[in-house]
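> predicted model and sequence follow; I will ask about them next.
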Amino acid sequence: KTQKNKQIYEANILGEGKVSLIVVPESVEEISNIVRIADEDITPRGAGTSFTGACLPNNSVIIDMSKMRKIIEIDPTRKTILVETGATVNDINNELSRYNLELPILPIFPGIQTIGGLIALNTSGLRSIKYRGIKNWIDTLEVVNGQGLKTVLRADIGDFVGLEGTTGIITKVKIRATIKQKRTFSILKSLSLKDLITASKKIKLDQEVSMVFFMSKELSELSGLEKKYHLFIEY
């Protein structure tokens, strides 16, 4: 890798680390070999968008999963999709849409964030009111760790989901999908923060609501809207 690329891997909003080696595997076999022979700390990395410092290296071997993004199999009848964990939510939903299916979890950056990263952080996304976290949509995982390659069934996925890659490198996942939904938006705006908070509490009780997103007056103005508090509601 170039020095510029190395700097991208070494820094994020929480600080800077040090990279020992950067590898970009294209197969599970390559990942297994890296885990088997590496003496240094290993840090798996998806898109690097984590705000927790999960991918900040400590003289680490970085395993960049960006080339592991194949859509392996879709079962429309069972509503499942098997993918490599470098795939993004957009990658997954583009394929599922051919069968009128979707993964309803919506992260902040669906075209960038990888499904492996979402699993490592147990991301809930913007639609958590209705769909909760990614853990609830996982059927099985394939994981590489110091014990080798293993398939993890639903009963044991808690050993890997939300643990930020510390218990193994997630290489494949079978996800349960749902019928693709038609969605609409409403927007509430007010000069009173209290009014929007009160409205938000009532809105969240509606079972048709899938997302409530708040914007401050300052952010609203920066976005070209009126300088008021805004509440965006997805049904």
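Sure thing, it's come through.
> all helices of the protein, in order?
3-10, 28-37, 89-96, 115-121, 128-131, 193-203, 217-222 (DSSP state H).
> pLDDT below threshold where in the protein?
For the chain, the stretches with pLDDT under 70 are 1-4, 13.
> middle-most residue in it, spatially?
The residue lying closest to the centre of the chain (C-alpha atoms, centre = their mean) is Leu118, at 2.5 Å.
> what's the spacing between that one and Arg127?
Separation of Leu118 from Arg127 (C-beta to C-beta, to the nearest Å) stands at 13 Å. To be clear about C-beta, it is placed using only N, CA and C from the backbone, and glycine gets the same treatment.
> give me the neighbour count for the nearest residue to Lys227 once chain neighbours are set aside.
Closest residue to Lys227 apart from its sequence neighbours, by C-beta to C-beta, 6 or more residues apart in numbering: Glu221 at 4.4 Å. Using other C-beta atoms under 10 Å, Glu221 has 13 neighbouring residues.
> follow-up on the earlier one: can you tell me the closest non-neighbouring residue to the residue nearest to the centre of the chain?
Leaving aside its sequence neighbours, Leu118 sits nearest to Ile134 (C-beta to C-beta, 6+ apart; 4.8 Å).
> residue contacts, the one you found?
Ile105, Ile115, Leu118, Ile119, Asn122, Thr123, Ser124, Gly125, Val161 (C-beta atoms under 8 Å, 6 or more residues apart in numbering).
> same thing but at 6 Å, please
The contact partners of Ile134, by C-beta atoms under 6 Å, 6 or more residues apart in numbering, come to Ile105, Leu118, Ile119, Thr123.
> Glu234: which of those residues is nearest?
Of all the contacts of Ile134, Glu234 sits closest to Ile105, with 13.3 Å by C-beta to C-beta.
> now the closest one: closest residue in space that isn't a chain neighbour?
Gly125 (4.6 Å).
> and the one you found, how far from Gln113?
Taking C-beta to C-beta, one finds Gly125 at 9 Å from Gln113.
> what sits in contact with each of those two?
Pro107.
> count the residues that sit near the residue nearest to Thr178 when sequence neighbours are not counted.
Of all residues not flanking Thr178 in the chain, Pro104 sits nearest, at 5.9 Å (C-beta to C-beta, 6+ apart). Pro104 has 19 neighbours, counted by other C-beta under 10 Å.
> from now on call the first residue 36
Happy to do that; since the first residue is 36 now, the last one works out to Pro139.
> wait, what's in contact with Pro139?
Arg162, Tyr166, Thr213 are the contacts of Pro139 under C-beta under 6 Å, 6+ apart.
> quick one: which of those is nearest Asn129?
Closest approach between the contacts of Pro139 and Asn129, by C-beta to C-beta: Thr213, at 15.9 Å.
> including distance to Lys262, could the contacts of Ile169 go into JSON lines?
Compiled in JSON lines, the contacts of Ile169 are given as follows (distance: C-beta to C-beta, whole Å):
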{"residue": "Ile140", "distance to Lys262": "32"}
{"residue": "Leu153", "distance to Lys262": "34"}
{"residue": "Ile154", "distance to Lys262": "39"}
{"residue": "Thr158", "distance to Lys262": "31"}
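> quick one: which of those has the most company?
Leu153 (28 neighbours).
> and it, how close does it get to Asp74?
For Leu153 relative to Asp74 (C-beta to C-beta), the value is 30 Å.
> swap in Pro60?
Note on Pro60: its distance to Asp74, by C-beta to C-beta, is 18 Å.
> okay, the two: which has more neighbours?
Neighbour totals were compared for Pro60 and Asp74, and Pro60 leads with 21 against 7 (other C-beta under 10 Å).
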